[in-house]
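>>> how does the following fold in three dimensions:
(chains A and B)
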Number of protein chains: 2
Amino acid sequence: MRILITNDDGVTSRGLLMLAEILSKKHEVLVVAPESEQSATGHAITIRMPLWVKRVALSRVFPVFATTGTPADCVKLGVEVLSNGAVDLVISGINRGFNLGTDIIYSGTVSGALEGVLLGIPSVAVSGPISESFNVEQAAEFVNKFIAEFDFNMLPAFCALNINIPEGKIKGWRAARQSKRRFADRFESRRDPSGKTYYWLYGDVVEDDSDPEADYRVVNQGYASVTPISVFLTEENVLKTMRRR
Amino acid sequence: MRILITNDDGVTSRGLLMLAEILSKKHEVLVVAPESEQSATGHAITIRMPLWVKRVALSRVFPVFATTGTPADCVKLGVEVLSNGAVDLVISGINRGFNLGTDIIYSGTVSGALEGVLLGIPSVAVSGPISESFNVEQAAEFVNKFIAEFDFNMLPAFCALNINIPEGKIKGWRAARQSKRRFADRFESRRDPSGKTYYWLYGDVVEDDSDPEADYRVVNQGYASVTPISVFLTEENVLKTMRRR
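Reported below is the predicted structural model:
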């Protein structure tokens, strides 16, 4: 396969480069990633500014391009401009930090995969814990095996996979549902040296979803969670009710 | 009601200020908006940088705050820091430019409303055409009437409304589904004065959705489209199939 890999942690991220290295043994790999960290960019694209791209010497095996854009920009550029031929699979990751529950809609990592399916290409987002002891190599090997075995033909148009890999031994993978895991936001108010107030966002995780298929529960049990996600947000049940009014 | 209004076109936008002015006749209005344009920011939040907020003298009737953040940041700040009490409704808009089809996942306007429902508050995104002849005042009056009449209790948790208002006379509103309207992307490659290549994204709209309830069709027929949208992206049918494997 010809595989385009991006991320939102930036082009020097270990998760990205380890994944590219392992996949390049069996596949043609192209890396196009932001030159600096883009976490929590959501599904941003750059339309009011030009995009700059440079080839960087981070591998002798596969080409690596750093861009001034977001993960979604990188996927568009990779597919439309930088690839030597049709891309068979887009992978965004391996992100340093889970993308579980409502994280998904803030996630640059997930947006890379959603951009892939918008362009008609099977796409996967992959994330792991922030922990220093997370075994990135084992996670990359898991992804390598997963993409060889998973039947991407079962996915409808515009449907991507969001994968989260647990710390420690990976027991396998399980289908999971995006949970309502979320952050209880707070702002810390501070003063700058001249006395002006500014705000810094932080929050505590709230994990109160009773769904046994909730993504974070699957991960906590030692399995990689695999959630099929769509770019279509319509709440069909509500639409039905509104139509009847 | 206490209504928090934001947008992604920036705090000086006519669509935002006209809406705030008209709603302030019957409601307590608070405006918190980005100081500069944030279009296509997706659902970005600012977590690696502090946020700056200043009160600006754009109205004598309602308070207006400009922030260095995204629409999602503005909603969080409005609800958690700047409001004098519980916010009853979040409105993001009126955006200059439709948010139809796959636009939704790139849209800062829509992300403002999604952030509202993530905080447990009924929320609405409102957009209109870019056209200079779009009647912003009529659109704001439509929103005023809509929020007075619509039963927000029918919406489940985490469900927002995405409204698009047509140009010309508004015939009323219709429930609509997010369509697969999208852009066929292209990059224009240019050279800077020193000879280095850069890229500029542009695209043509593709409207090939046969669904009679497609959002853009409803708007083209002269009705405001009202699409209930969720923060949960799980593709349930695929999840079911994956579970059975």
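
>>> by contact count, what packs against the helix or strand harbouring residue A:29?
Using DSSP states H and E, residue A:29 sits within strand A:28-34. Counting contacts by 3 or more CB pairs under 8 Å, 6 or more residues apart in numbering or on different chains; DSSP states H and E, strand A:28-34 is packed against strand A:2-6, helix A:14-23, strand A:64-67, helix A:71-77. Just so you know, the C-beta spots here come from the backbone N, C-alpha and C atoms, and that holds for glycine as well.

>>> need the contact partners of the shortest one.
Put plainly, it is strand A:64-67. For strand A:64-67, contacts defined as CB atoms under 8 Å, 6 or more residues apart in numbering or on different chains pick out A:11, A:20, A:30-35, A:51-58, A:73-74, A:77-78, A:82.

>>> buried set for the helix or strand containing residue A:147?
Element membership for residue A:147, per DSSP H and E: helix A:136-149. By 16 or more other CB atoms under 10 Å in any protein chain shown, the buried positions in helix A:136-149 come out as A:136, A:139, A:140, A:141, A:142, A:143, A:144, A:146, A:147.

>>> picking up where we left off before, so of the helices and strands packed on strand A:28-34, which one's packed in deepest?
Compared across those, helix A:71-77 shows the largest average neighbour count, a mean of 30 (mean count of other CB atoms under 10 Å in any protein chain shown).

>>> and the next helix or strand after that helix, how far out from the chain middle?
Scanning forward in sequence from helix A:71-77 by DSSP H and E, the next helix or strand is strand A:89-96. Chain-centre distance of strand A:89-96: 5 Å, with CA atoms, centre = their mean, to the nearest Å.

>>> show the subsequent helix or strand relative to strand A:89-96.
helix A:108-118.

>>> which strands or helices does the following helix or strand past the helix holding residue A:147 pack on?
Using DSSP H and E, the next helix or strand after helix A:136-149 towards the C-terminus is strand A:159-164. Under the contact criterion of 3+ CB pairs under 8 Å, 6+ apart, strand A:159-164 touches helix A:108-118, strand A:123-128, helix A:215-220, strand A:224-230.

>>> partner strands of the helix or strand containing residue A:199, parallel or antiparallel?
Following DSSP H and E, the helix or strand that holds residue A:199 is strand A:197-206. Sheet partners assigned to strand A:197-206 using DSSP bridges are listed as strand A:182-191 (antiparallel), strand B:51-56 (antiparallel).

>>> most tightly packed of the ones you listed?
Ranked by mean neighbour count, these are led by strand B:51-56 with a mean of 16 (mean count of other CB under 10 Å).

>>> mind telling me which residue of chain A is nearest chain B?
The nearest approach of chain A to chain B comes at residue A:42, 3.1 Å away (CB to the nearest CB).

>>> mind checking how far residue A:245 is from residue B:211?
For residue A:245, the distance to residue B:211 equals 20 Å [CB to CB, to the nearest Å].

>>> which one of those two has more residues nearby?
The neighbour count for residue A:245 versus residue B:211, taken as other CB atoms under 10 Å in any protein chain shown, is higher for residue B:211 (13 against 8).

>>> residue contacts, that one?
B:177, B:179, B:217.

>>> pretty sure the last one is touching residue B:179, no?
Yes: at 7.4 Å, residue B:217 counts as touching residue B:179 under the criterion of CB atoms under 8 Å.

>>> more neighbours, the two?
The residue with more neighbours, out of residue B:217 and residue B:179, is residue B:179; 26 against 21, by other CB under 10 Å.

>>> mind putting the strands paired with strand A:197-206 in a markdown table, distance to residue A:164 and mean pLDDT included?
Formatted as a markdown table, the strands paired with strand A:197-206 follow (distance: least, CB to CB, whole Å; pLDDT from 0 to 100):
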| stretch | distance to residue A:164 | mean pLDDT |
| --- | --- | --- |
| strand A:182-191 | 15 | 91 |
| strand B:51-56 | 28 | 94 |
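
>>> closest one to residue A:118 among these?
With CB to CB as the measure, strand A:182-191 is the member of the strands paired with strand A:197-206 nearest residue A:118 (25.3 Å).

>>> circling back: does the helix holding residue A:147 reach chain B?
No: Helix A:136-149 is not in contact with chain B by CB under 8 Å from any CB of the partner chain; minimum separation 10.7 Å.

>>> what about that helix, distance to the chain center?
Remark: helix A:136-149 is offset 15 Å from the chain centroid, using CA atoms, centre = their mean.

>>> closest one to residue A:116 out of the buried residues of helix A:136-149, please.
Nearest to residue A:116 out of the buried residues of helix A:136-149 is residue A:147 (CB to CB; 13.0 Å).
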